[in-house]
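Student: Please find the sequence and the predicted model below.
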Amino acid sequence: MQVHVHYQGMDPSPWLDQFIASRINKLERYLGQASSVDIHLKHTDRTYKTSMAIHGVFKDYAFSSDGENLYESFTLAMDKASRSLGEQKRKVKDKINRKFFSLKKDLAY
C-alpha cells in the first residue's frame with residue numbers, strides 16, 4: 001500500500017510521520033497491496049483539517065474531518081475510514097456467503 005502525506009501550513013516531523021504510518025497500517029486488512037492513500041493535513045487559524053483519499057482496487061473513498069489539534073482531526077478521519085471500509089468488507093463477505101449453502105443444514109436428516 002502506498003501512502004502519500006501532504007502538509008499545508010505546517011512542517012512535517014518524523015514523529016508525526018511515524019504516528020500516521022502506524023495508524024494507516026491498521027487499514028491494510030481492508031485494502032490490498034495495489035491500494036494507495038493520499039492524506040492532506042491542513043492547518044488554518046485555529047483548526048486542523050484532515051482529508052483522506054483512498055484508492056482501492058474496485059472503489060475509491062474520500063473522508064475528511066476537522067479538529068482542534070492535528071491528532072484529533074486525523075483520528076476522526078481514520079475512524080470514518082475504518083467504519084466505512086469495514087462495512088464494505090462485511091457486505092462483500094455476506095454476498096459471498098449467500099452464494100454458498102451450509103452442508104450441515106442439508107445433511108441433517
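Tutor: Nice, I can see it.
Student: in the lengthiest helix in the chain, what counts as buried?
Tutor: Criterion DSSP state H: the longest helix present in the chain is helix 70-99. Buried residues in helix 70-99, counting neighbours by 16 or more other CB atoms under 10 Å, are found at 70, 73-78, 80-82, 85. (Glycine included, C-beta is placed from N, CA and C.)
Student: in this protein, which spans are helices?
Tutor: 14-24, 70-99, 103-107.
Student: Using neighbour counts, pick out the buried residues of the first one.
Tutor: This means helix 14-24. Those buried within helix 14-24 under the rule 16+ other CB under 10 Å are 16, 20, 23-24.
Student: do stretch 43-52 as well
Tutor: Neighbour count says stretch 43-52 has 43, 48-52 buried, by 16+ other CB under 10 Å.
Student: Quick one: end-to-end distance for that stretch.
Tutor: Stretch 43-52 has its terminal residues 15 Å apart, counting by CA to CA, to the nearest Å.
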